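In: Using only what follows, build the 3D model:
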Amino acid sequence: ELLPPNESTPTLLSARKALATTLLQELHVPSSEIPKMKTPPTKAAPAKRTNAEFDVFKTCSYNTQSAAVGANATTIGDGGLSTTERKLQTLQKKQERLEKK
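Out: Alright, predicted model coming up:
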């Protein structure tokens with residue numbers, strides 16, 4: 001059993017070589033049948049975090065159309081009213097003006 005402490009690249013490479021040797025010498029498997037060993041991935045440097053950490057409470061519904069009209073995704077404008085509610089209020093005001101005439 002390969003335990004997590006033993007999951008190192010050199011250990012895995014030596015196990016792969018031992019397996020290939022066993023397949024070739026003892027089981028007489030043709031070398032064309034054995035998959036070629038890929039080069040192990042190099043460890044990349046961890047991504048650097050910026051000063052602005054991820055905020056789970058920050059809204060992420062900011063899109064290109066909102067940016068085009070200058071909307072700010074971090075604030076709720078118009079007292080928290082949705083677009084539909086604002087349109088409804090506008091229409092109700094127009095209706096009131098028309099009824100007064």
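In: hey, let's count contacts and neighbours off CA atoms from now on
Out: Fine.
In: residues contacting Leu24?
Out: Contacts for Leu24 (CA atoms under 8 Å, 6 or more residues apart in numbering) come out as Pro30, Ser31.
In: Which helix or which strand is home to it?
Out: helix 9-25 (DSSP states H and E).
In: And that helix, what's buried?
Out: Ala20, Leu23 (16 or more other CA atoms under 10 Å).
In: what is the rounded mean pLDDT of stretch 30-39?
Out: What stretch 30-39 shows for mean pLDDT is 85.
In: Outside of it itself, list whatever touches it.
Out: Arg16, Ala20, Leu24.
In: what stretches of this structure score poorly on pLDDT?
Out: Flagging of the chain using pLDDT under 70 yields the residue ranges 1-2, 6, 40-56, 58-80.
In: quick one, helices of it?
Out: 9-25, 64-68, 83-100 (DSSP state H).
In: In TSV: these, plus distance to Ser31.
Out: Shown next, in TSV, are those (distance: least, CA to CA, whole Å):
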stretch	distance to Ser31
helix 9-25	7
helix 64-68	55
helix 83-100	68
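In: one step back: quick check, nearest of the contacts of stretch 30-39 to Thr83?
Out: Arg16 (61.5 Å; CA to CA).
In: residue contacts, the closest one?
Out: Met37.
In: Next: the one 4 residues further on.
Out: For Ala20, the set of contacting residues under the criterion of CA under 8 Å, 6+ apart consists of Ile34.
In: Give me the distance between it and His28.
Out: 10 Å (CA to CA, to the nearest Å).
In: which residues do these two both contact?
Out: With the criterion set as CA under 8 Å, 6+ apart, the contacts of Ala20 and His28 do not overlap.
In: ok, now which ones touch Gln25?
Out: Counting by CA under 8 Å, 6+ apart, there are no residues that Gln25 touches.
In: Can you dump the C-alpha atoms of stretch 90-101 in CSV for me?
Out: Provided in CSV are the C-alpha atoms of stretch 90-101 (Å, rounded to 0.1, in the frame of the first residue of the first chain):
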residue,chain,number,x,y,z
THR,A,90,-41.7,55.2,-12.4
LEU,A,91,-44.8,53.8,-14.0
GLN,A,92,-46.9,54.4,-10.9
LYS,A,93,-45.7,58.1,-10.8
LYS,A,94,-46.7,58.5,-14.5
GLN,A,95,-50.1,56.9,-13.8
GLU,A,96,-50.7,59.4,-10.9
ARG,A,97,-49.7,62.3,-13.1
LEU,A,98,-52.1,61.2,-15.9
GLU,A,99,-55.0,60.6,-13.5
LYS,A,100,-54.6,64.2,-12.1
LYS,A,101,-55.0,65.7,-15.6
